[in-house]
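Asks: the following block contains a protein sequence and its predicted model.
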Amino acid sequence: MRTKKNVTIGYEKGIHTRVAAMVVQKTTELEERFGCRLYIKRVDRALIVPCNSVLPLVGMKLKKGEQIQIFGDGTGSEQAVTALAEFMDGAGVVDQDEVDNIIQKNTLTSEKIFESIHNGLIVMDGAGRITIFNAAAEAMTGIDAAEAIGRLVDDLIPGFGAAEVIATGREKLGVKEAVGGNWVISDKSPVVVENCNVGAVAVLQDITQIEALSWELSSVKELEGKLISILEAVYDGICLVDKDHRITYANDAFTGILKKRVSELTEQSISILFPGEKIPNGFFNGQSGTVITNADGREFMLDVRPIAVDGAVSGNAIVARELTEITKLAAKVEELSAKTVMLEKELEKREDIGASFEKIIGKSGVLLEALSLASKASKTDATVLIRGESGTGKELVAKAIHNASTRKDAAFVSMNCAAIPADLLEAELFGYEKGAFTGAVRMKPGKFELADGGTIFLDEIGDMDRAMQAKLLRVLQEQEVERVGGLAPVKINVRVIAATNAPLEKLMENNSFRKDLYYRLNVISVILPPLRQRKGDIPLLVEAFIDKICMRYQLPPRHITKPALQCLEDYVFPGNVRELENIIERGVTLSAGEWIGVDDLPSYVRAIGENIPGFSGVPDENGEKIPTFAEMERDLIASALSKYKSFRKAGEALGLDHKTVSAKAKKYGLT
């Protein structure tokens, strides 16, 4: 049968050593009289302590007014619990308290001695349960004594090993271990009474600060070794002197200047640098510019810096640098300054470029200059003429100008003037009324009307015939269009961006292009450089195209080998960026693994890397390579486009119509 009763501690000074002894004496008497066992615990704690042991009771540190519970197990536990409760509430023990006061005033109790020890003290009974846990132990372990008393020490501090000491009776001395995040040295000894191990005592000494100092010393030594390695690696002569101006260290370069060994310089006065002369005034106050001449007649400039420790000068560091090296460094500084100015100008160009142009890949100066001008043009409604070879990204720049302008929320309409026959171009651009011609079953607005409020992009403007040029000029001047078959003009508000790869100036000379239209279009001229003039952008473009194509076809990531990239950088790219993208698409789709190699490139590109003239077709009887028909056709198309700059002119030269030239150029990645 178990009985429990709540009690409030009534003793003025709580359950200290003397009261604990009286409780133990009373408990022993009651347990024998009623045949039971008595225990005690705090009301708000789970730990239960036997009432017949002094040390656990003292270790609980119970104070007056604290609530405890007394438990009893056995047949007569109810009477025993009641009697002990009356005893512990302090009733009827006034004389005994006076005795306790006298004891506390005149006697150092064991409890006060334990708490005065700076080392951690942990005492355990024969079962390994903690009976004493002093303040120093609390500080080292971070565990409150009230929580520790009565607990198994090896449960509270895993790996402490006290149970082994109690079981074997063997000491464990000078053990370094981590306890509660601190490093300690522990001495664990058994408590032997009448040849029987009745417990153990552990004394802990905190060595955390010692460990920290040891680590700091090790770090300082490591730093010293690194600094010495650095000093030995530099070309300048360096020496250190103490406050008496005696050399304490000299690197190899410094010993080479004076033609002496380190052993000959150590502890020597720094005056050795000035044979037959006095040390210059102010030399040790951070002076720079003192010049000395060594035995070989070479001149060295000295730079002197004080060494301060805790605000006090403890010596100097002296750096000796040969004057010829200084001259070279000055030239290098001048060169770097020039590069800095150039880079600052490039940065200014990049800063002038708006966010809409970030999709255009490249960092070469010629490209940034063109994009900077295009970005400025986007801030106005002025007509822009974009010029550049086929495949340089003229439409991409036109879209960027539109997206950076105030018209970005309206339509961007693109029209390739070379792709539409001349007799249909007017209807496409200006629209037509119902019944205007056979097949015109309903009214259709033209590209200009569709772009109202936005931007129209007229690509290949140089291929437009003169009659259509005149009509376009009127639209630009009047800002109105007249549909085919219509009677009344339609007002529009459109920003015009035109593009061409044709030499408009030559076309004007032979009357193929109207001068008045040229001047109307050429308000702001943006010239895009061909890819061969921005070879440094090829690696960036290759990486971007690989990522784009792998994502489009849902392929694992690909990379390009250095030889393959070198082939691309050596190639002239008549089709410019568009051709490069087509070549990369071929490489990504044909590569067997993660890497795109030279073999994955077209034969006409591989020929560049292999230093083979011409094409890479099959070999003839003499071992020379013969181009395939497709390779010959591609070369003819590329040459014609490079020379005539338009599909129509190239077609006339090759005896083909402009549609066939356009289709074949697209097939071979030239557009």
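Replies: Received the coordinates, thanks.

Asks: could you break this protein into its assigned domains?
Replies: 2-106, 117-209, 355-527, 534-627 (automatic domain parsing).

Asks: which stretch in the ones you listed has the least confidence?
Replies: Ranked by mean pLDDT, the domains of the chain bottom out at domain 2-106, which scores a mean of 79.

Asks: what segments of the stretch 351-500 of the chain are strands?
Replies: 384-387, 412-416, 431-432, 444-445, 455-459, 480-481, 490-491, 495-500 (DSSP state E, counting those that start in this stretch).

Asks: go on, the stretch 1-150 of the chain?
Replies: 2-8, 36-42, 49-50, 67-74, 120-125, 130-133.

Asks: dump the strands of the stretch 351-500 of the chain to TSV, plus mean neighbour count.
Replies: C-beta coordinates here come from the backbone N, C-alpha and C atoms, glycine included. Converted to TSV, these look like this (neighbours: other Cβ atoms under 10 Å):
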stretch	mean neighbour count
strand 384-387	24
strand 412-416	18
strand 431-432	22
strand 444-445	16
strand 455-459	24
strand 480-481	20
strand 490-491	13
strand 495-500	26
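
Asks: Gln566 is nearest to which of the ones you listed?
Replies: Of all these, it is strand 384-387 that lies closest to Gln566, at 30.3 Å by Cβ to Cβ.

Asks: so who does Ala136 touch?
Replies: For Ala136, the contact set (Cβ atoms under 8 Å, 6 or more residues apart in numbering) comprises 117-121, 204.

Asks: please convert the buried members of these into PyMOL selection syntax.
Replies: Remark: buried members of the contacts of Ala136, expressed as a PyMOL selection using 16 or more other Cβ atoms under 10 Å:
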select buried, resi 119+120+121+204
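
Asks: mind putting the contacts of Ala136 in CSV, distance to His402 included?
Replies: Output for the contacts of Ala136, formatted as CSV (distance: Cβ to Cβ, whole Å):
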residue, distance to His402
Ile117, 84
His118, 80
Asn119, 81
Gly120, 78
Leu121, 83
Leu204, 77
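
Asks: out of the strands of the stretch 351-500 of the chain, flag the one nearest Ser662.
Replies: The nearest among the strands of the stretch 351-500 of the chain, by Cβ to Cβ, is strand 412-416 at 9.1 Å.

Asks: now do the SS call for Ile185.
Replies: Here Ile185 is recorded as strand under DSSP: H, G, I helix; E, B strand; the rest coil.

Asks: give the burial count for it, as a bare number.
Replies: Neighbours of Ile185 under the rule other Cβ atoms under 10 Å: 16.

Asks: got it, and Ile68?
Replies: For Ile68, using other Cβ under 10 Å, the count is 20.

Asks: dump the residue contacts of it.
Replies: By Cβ under 8 Å, 6+ apart, the neighbours of Ile68 are 6-9, 40-43, 62, 88.

Asks: can I get the buried part of the residues you listed as one ChimeraX selection?
Replies: In ChimeraX syntax, the buried subset of these is picked out as below (16+ other Cβ under 10 Å):
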select :7,9,40,41,42,62,88
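
Asks: what about the closest residue to Ile149 other than its chain neighbours, distance to Gly150?
Replies: Nearest non-adjacent residue to Ile149, counting by Cβ to Cβ, 6 or more residues apart in numbering: Gly59, 3.7 Å away. Remark: distance between Gly59 and Gly150 (Cβ to Cβ, to the nearest Å) = 8 Å.

Asks: who has more neighbours out of these two?
Replies: When neighbours are counted by other Cβ under 10 Å, Gly59 and Gly150 differ, and Gly59 comes out ahead with 25 against 21.

Asks: that one touches Ile130, doesn't it?
Replies: Yes. Counting by Cβ atoms under 8 Å, Gly59 touches Ile130, with 7.5 Å between them.

Asks: so for the two, which residues contact both of them?
Replies: 149-150.

Asks: roughly how far apart are the residue nearest to Ile149 and Val384?
Replies: From Gly59 to Val384 the distance is 90 Å (Cβ to Cβ).

Asks: Gly289 now?
Replies: Gly289 sits 58 Å away from Val384, going by Cβ to Cβ.

Asks: right, I'll call it a day here.
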